[in-house]
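[1] structure of the sequence below:
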Amino acid sequence: MLLEVNPKNPEPRKVQRAIDALTQGGIIAYPTDATYGLGCDLLNRKAIDRLYELKGLDRSRRLSFVCADLANVSRYALMHDHVFRVLKRLLPGPYTFVLEATREVPKVIQCKRRTVGVRIPDNPVPIALVKALGHPIITTTAARHGAEPLPDPAEIDEEFAGLALVLDGGPGGMEPTSVVDLSRDPPEVLRAGAGDVSEFG
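    Numbers count the residues shown, from 1 in each chain. Sure thing, here's the model as predicted:
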């Protein structure tokens, strides 16, 4: 189901409809500063399982999540000085940073190295969702595994028939986030995408 939302100033009642869907275990689609994302409640194990199935994603592939700000990130990831400096400079922005996880992160989205992918998109919609929900939401590109991202909210609604809601903030991007592993020294670029990764060699 499509629901148009103001991408610069999302309407509270529309944000609340998305929150209602998330708290009931639903999966939603929403705009970010890169591609559209698919997401669910970070703390709902069944919803995370359904998201893997919906996307056709192998369980060995870990999902990332959206935080509202750096204080929010620090609850779920270890914020060493060098990590904090990088995040403060580049976020909000089209990056996913792999960080050392704290005990607050559900096991289902941690990898064996106890790391987790974290996003703070430069887009008011997902930030509003996280603030209203009170904790992070899962995020993964709105695309079948290995396929191009879908920029059209109507296409996303059609392609992923099990979605509870698609927040339509206009056409989305086609280039996913850059993924940088800051848990390693030196940092490792896992995917070069929308964010400039030249400083990471």
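[2] which residue is the nearest non-sequential neighbour of the spatially most central residue of the chain?
    Nearest to the mean C-alpha position of the chain, by CA atoms, centre = their mean, lies T139 at 2.7 Å. Distances taken as CB to CB, 6 or more residues apart in numbering put G37 closest to T139, at 4.4 Å, once the chain neighbours are dropped. Just so you know, the C-beta spots here come from the backbone N, C-alpha and C atoms, and that holds for glycine as well.
[3] again with R75
    E104 (5.4 Å).
[4] how is that neighbour assigned, secondary-structure-wise?
    At E104, secondary structure determined by DSSP: H, G, I helix; E, B strand; the rest coil is coil.
[5] for it, give me the pLDDT.
    Residue-level confidence at E104 comes out at 91, pLDDT.
[6] again, but for K107
    The score at K107 is 80. That number is its pLDDT.
[7] count of neighbours near it?
    By other CB atoms under 10 Å, 9 other residues sit near K107.
[8] likewise G25?
    Around G25 sit 15 other residues, with neighbours defined as other CB under 10 Å.
[9] so who does D181 touch?
    Counting by CB atoms under 8 Å, 6 or more residues apart in numbering, D181 touches 97-98, 115, 187-190.
[10] try 10 Å
    Shown here is D181, whose contacts under the criterion CB atoms under 10 Å, 6 or more residues apart in numbering are 96-99, 113, 115, 117, 187-190, 200.
[11] in strands only, show me those residues.
    Secondary structure from DSSP state E places 96-99, 115, 117, 188-190 of those in strands.
[12] quick check, nearest of those to K55?
    Sorting the ones in strands among the contacts of D181 by distance to K55 puts G117 at the head of the list, at 15.1 Å, by CB to CB.
[13] okay, that closest one: pLDDT?
    Model confidence at G117, given as pLDDT, is 95.
[14] okay, and the beta partners of it?
    Legend: beta-bridge partners of G117 under DSSP bridges are S64, V98.
[15] what's the burial count for it?
    Here the number of neighbours of G117 (other CB under 10 Å) works out to 24.
[16] pull the contacting residues for it.
    62-65, 77, 95-99, 101, 109, 111, 139-140, 177, 179-181, 190.
[17] endpoints of stretch 103-113, how far apart?
    End-to-end span of stretch 103-113 (CA to CA, to the nearest Å): 13 Å.
[18] actually stretch 145-159, not the one I typed
    The straight-line separation of the ends of stretch 145-159 (CA to CA) is 13 Å.
[19] low pLDDT regions in the chain?
    Residues of the chain meeting the criterion pLDDT under 70: none.
[20] now do the strands in it.
    According to DSSP E, the chain carries its strands in the segments 2-4, 28-30, 37-39, 64-66, 95-100, 115-119, 137-141, 165-168, 178-181, 188-191.
[21] can these go into JSON lines with extra columns for distance to V86?
    JSON lines is the format used below for these (distance: least, CB to CB, whole Å):
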{"stretch": "strand 2-4", "distance to V86": "35"}
{"stretch": "strand 28-30", "distance to V86": "25"}
{"stretch": "strand 37-39", "distance to V86": "22"}
{"stretch": "strand 64-66", "distance to V86": "16"}
{"stretch": "strand 95-100", "distance to V86": "7"}
{"stretch": "strand 115-119", "distance to V86": "12"}
{"stretch": "strand 137-141", "distance to V86": "19"}
{"stretch": "strand 165-168", "distance to V86": "29"}
{"stretch": "strand 178-181", "distance to V86": "8"}
{"stretch": "strand 188-191", "distance to V86": "13"}
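[22] cool, thanks, talk later.
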